[in-house]
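Sequence first, predicted model second:
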Amino acid sequence: MSLSDPIGDMIARIKNAQMRNHKKVEIPSSKFKAKIADVLKGEGFIIDYKVDMETNKPILLINLKYNSGNPVINTIERISKPGRRIFSSAESLPKINNGLGIAIISTPKGVMTDVDARKQKIGGEIICKVF
C-alpha cells in the first residue's frame with residue numbers, strides 16, 4: 001500500500017497513540033522518518049526510537065514520553081503538505097508558541113529544529129510544528 005503523505009501518517013499515528021496513552025507506536029520506517037524521530041528525541045518530546053529490521057519491511061518503534069500521565073507532545077501538526085509545500089528563509093522561520101515549541105525543518109544540511117536552522121542561517125521546508 002502506498003501512502004500519498006507518509007509524514008502525515010507518522011504524525012497521525014503519534015497523535016492517536018498518545019490519545020489512547022500507548023507507551024509505544026509502530027510506524028513503517030524510512031530514513032526521513034528516522035531523522036524526524038531523532039529530532040523529537042533530541043528535543044525531549046519522545047523517550048527513544050529504534051528501527052526494527054527483523055522483517056523485510058523496516059519498522060520504526062517510538063517510545064512515547066508522558067509527564068504525570070499527560071503526553072509531553074501537546075500538539076504536533078503538519079505544515080508543509082504534498083499539495084502545498086511551505087518553504088522559509090532563515091530570517092523568516094516561525095517561532096512556535098513564542099519559542100516554547102519547535103518547528104522541524106528539512107534543510108540542505110539535514111533535518112533540524114528551527115533554532116538550529118536560524119543559528120546556521122539556512123532555510124528549508126517546514127515539515128511540522130511540535131509543542
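Structure received.

Pull out the buried residues from stretch 86-98.
88, 90, 93, 96 (16 or more other Cβ atoms under 10 Å). For the C-beta atoms, the positions are set from N, CA and C on the backbone; glycine is no exception.

wouldn't the second one be in contact with G123 here?
Yes. In terms of Cβ atoms under 8 Å, A90 counts as a neighbour of G123; the distance is 4.8 Å.

Which of the helices or strands spans the spatially most central residue of the chain?
In the chain, the residue lying closest to the centroid (Cα atoms, centre = their mean) is I36, at 4.4 Å. Assigned by DSSP states H and E, I36 belongs to helix 31-42.

For that helix, which outside residues touch it?
With contact meaning Cβ atoms under 8 Å, 6 or more residues apart in numbering, helix 31-42 is reached by 6-7, 10, 27, 46-49, 51, 60, 62, 73, 102, 104, 106, 110-113, 127-128, 130.

Please apply the same query to stretch 121-131.
For stretch 121-131, the surrounding residues in contact (Cβ under 8 Å, 6+ apart) are 7, 11, 36, 40, 43, 45, 73-80, 85-94, 96-97, 100-109, 111, 114, 117.

out of those residues, which are inside strands?
If you go by DSSP state E, the contacts of stretch 121-131 have 76-78, 87-88, 102-107, 111 in strands.

Please work out how many residues are found near the spatially closest residue to S106 that is not a sequence neighbour.
Leaving aside its sequence neighbours, S106 sits nearest to E125 (Cβ to Cβ, 6 or more residues apart in numbering; 4.6 Å). Number of residues near E125 (other Cβ atoms under 10 Å) recorded here: 15.
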